[in-house]
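Engineer: missing the sequence, but the structure's below:
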């Protein structure tokens, strides 16, 4: 390996180390003292429950670990959004698990908590995965109730989804392992089956204090809504567990009895490791995001045998389209090429920019993958569509619209990996979050924004200096530079993968070496749901 490769690798390893250090703190939830308090009550933490539930030694992927990162600082923070969401295997079946973290504000729901729970349900509904709720929550975080209560994508949507999933035949199992109060009480009872842990689990529409205030009745929480009440008197819950471990054992037994499902029928053969070492992914991406590189070097370290068949290899060269296999699964890959290339007309085309010919090629390839029922993988490193008079006269808007149309109407599962830049309409065309990827993840090198930090800062600087000059204020070169630096810093903070992950614009920030696992488990989940017929709608030619 050359010096540049080693330098790139060192930088990526530092980024991964930074990511892992941040995750370690997030995994502690509300901190060690609160973890100790849960243990003193005879309870496991959310992460301990998930770990005990999944099959030992099997792969898992975590959704939204960075949700809420550096948000809600005035309220004391909300690590992980106060809930743990994992896709893993329970009794041999792939499931999605949602576990309230009682160490974070007693498991109270912040706005991001609601968004993360809805994302978990969306994944379950798209892929028809069984969903397991491990409930331990004090309900809505009241100081922020106005941001979580009444809108379409707020708290109440969760119970609507419970009902929808039930009608779709998606198994939902809930275990009440702590507090379950008010509106939150509907979630476990709208599931197919509900368990409750004796002495630590309680469920009611109003706790003892509110009952006293509302109707003057004196009653303790255990008598009001504990395991004995709901298993022997009200019949609200179906199983009584003696402790957390017993509840998890019962869930494993229930999942074990679920029958087979109608498969989507994606092609899969025996998996083959890439010939080019996936560990080398750490050194392929340049340290400087402005430098060019060959995206084929990334693809060859992701796909089985490092083999892929390029579609229209010599046309539309700023996007690579190819067929390959990942962990045995047949896939179609759409990737932004970051090398400067020469078009068929002999014109130089900048890497990472989508031109008319590359958009046209990508749209055709996406339609072909839908025709053949092949899942799509999008590898983002895009600065946007080409601009300027030549591109406009050549119909870049029309060709870009073709690609966006094909992505929007695609019915095969789509998976997005943000490797580097993902800017503006390029994000849309490459299946950004708004275009329903089954999973979307970012490498630590990712940047997501309307445009790059340098360009955006210069635009904003021009606006601000023009305003100041219009007000009769003189702007010195030193003042202009200080203003530019301030704008650039603020904008670049908003383009970082952590900013995106905190708001669930991406499902996770991942080590590049885990990319194959995420894609494979994602397609395995998608295999649970039959693919609808593809209809691209109107595309102007």
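Structural biologist: Thanks, I have the structure now. Please read these numbers as outputs of a predicted model, since none were measured by experiment.

Engineer: Please tell me I have it right and residue 521 contacts residue 59.
Structural biologist: Yes. Using C-beta atoms under 8 Å, residue 521 is in contact with residue 59, at 6.2 Å. From N, CA and C alone the C-beta is placed, and that goes for glycine too.

Engineer: Look at those two and report which has more neighbours.
Structural biologist: Neighbour count, other C-beta atoms under 10 Å: between residue 521 and residue 59, residue 521 has more, with 19 against 16.

Engineer: The helix or strand hosting residue 179 - contacts with which helices or strands?
Structural biologist: Here residue 179 sits within strand 172-181, counting by DSSP states H and E. Secondary-structure packing of strand 172-181 (3 or more C-beta pairs under 8 Å, 6 or more residues apart in numbering; DSSP states H and E): strand 131-137, helix 157-168, helix 186-189, strand 193-197, strand 202-204, helix 244-256.

Engineer: quick one, phi/psi of residue 339?
Structural biologist: phi -80, psi 150 (degrees, to the nearest 10).

Engineer: which residues does it contact?
Structural biologist: By C-beta atoms under 8 Å, 6 or more residues apart in numbering, the contact set of residue 339 is 292, 293, 294, 295, 351.

Engineer: again with residue 67
Structural biologist: If you count contacts by C-beta under 8 Å, 6+ apart, then residue 67 has 80, 81, 83, 112, 113, 115, 116, 501, 502, 503, 504 around it.

Engineer: and with 10 Å instead?
Structural biologist: Going by C-beta atoms under 10 Å, 6 or more residues apart in numbering, residue 67 touches 26, 78-83, 85, 110, 112-113, 115-116, 119, 501-504, 507-508.

Engineer: how about the helix or strand containing residue 38: buried residues?
Structural biologist: According to DSSP H and E, residue 38 maps onto helix 32-40. Buried positions in helix 32-40, judged by neighbour count with 16 or more other C-beta atoms under 10 Å: 34, 35, 38.

Engineer: and the gap between the second one and residue 205?
Structural biologist: So that's residue 35. 29 Å (C-beta to C-beta, to the nearest Å).

Engineer: list the contacts for the closest residue in space to residue 66 that isn't next to it in sequence?
Structural biologist: Among residues not flanking residue 66 along the chain, residue 501 sits closest, at 3.6 Å (C-beta to C-beta, 6 or more residues apart in numbering). With contact set as C-beta under 10 Å, 6+ apart, residue 501 has these partners: 19, 64-69, 441-442, 446, 448, 507-509.

Engineer: what about burial for the contacts of residue 339, which qualify?
Structural biologist: By 16+ other C-beta under 10 Å, the contacts of residue 339 give 293, 295, 351 as buried.

Engineer: Now do the SS call for the closest residue to the last one other than its chain neighbours.
Structural biologist: It refers to residue 351. In space, residue 351 comes closest to residue 338 once its chain neighbours are excluded; the distance is 3.9 Å by C-beta to C-beta, 6+ apart. Classification of residue 338 using DSSP: H, G, I helix; E, B strand; the rest coil returns coil.

Engineer: Hmm, residue 338 is touching residue 286, no?
Structural biologist: Yes. The pair residue 338 / residue 286 is scored as a contact, 8.4 Å apart, by C-beta atoms under 10 Å.

Engineer: Tell me the residues that contact both of these two, please.
Structural biologist: Joint contacts of residue 338 and residue 286 (C-beta under 10 Å, 6+ apart) are 292, 293, 420.

Engineer: Pull the contacting residues for the second one.
Structural biologist: With contact set as C-beta under 10 Å, 6+ apart, residue 293 has these partners: 4, 8, 284, 285, 286, 337, 338, 339, 351, 381, 420.

Engineer: Is there a neighbour count for the fourth one? I'd like the number.
Structural biologist: I take that to be residue 285. Neighbours of residue 285 using other C-beta under 10 Å come to 24.

Engineer: More neighbours: residue 338 and residue 286, which one.
Structural biologist: Ranked by neighbour count (other C-beta under 10 Å), residue 338 and residue 286 place residue 338 first, with 27 against 18.

Engineer: now the helices: where do they sit in the stretch 401-541 of the chain?
Structural biologist: 424-429, 453-470, 477-495, 497-502, 515-526 (DSSP state H, counting those that start in this stretch).

Engineer: Turn those into TSV, including mean pLDDT and distance to residue 399.
Structural biologist: Converted to TSV, those look like this (pLDDT from 0 to 100; distance: least, C-beta to C-beta, whole Å):
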stretch	mean pLDDT	distance to residue 399
helix 424-429	93	10
helix 453-470	71	23
helix 477-495	77	26
helix 497-502	97	27
helix 515-526	98	28
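
Engineer: how about JSON lines for the ones you listed, with distance to residue 410 added?
Structural biologist: Output for the helices of the stretch 401-541 of the chain, formatted as JSON lines (distance: least, C-beta to C-beta, whole Å):
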{"stretch": "helix 424-429", "distance to residue 410": "12"}
{"stretch": "helix 453-470", "distance to residue 410": "30"}
{"stretch": "helix 477-495", "distance to residue 410": "27"}
{"stretch": "helix 497-502", "distance to residue 410": "22"}
{"stretch": "helix 515-526", "distance to residue 410": "12"}
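
Engineer: Okay then, goodbye and thanks.
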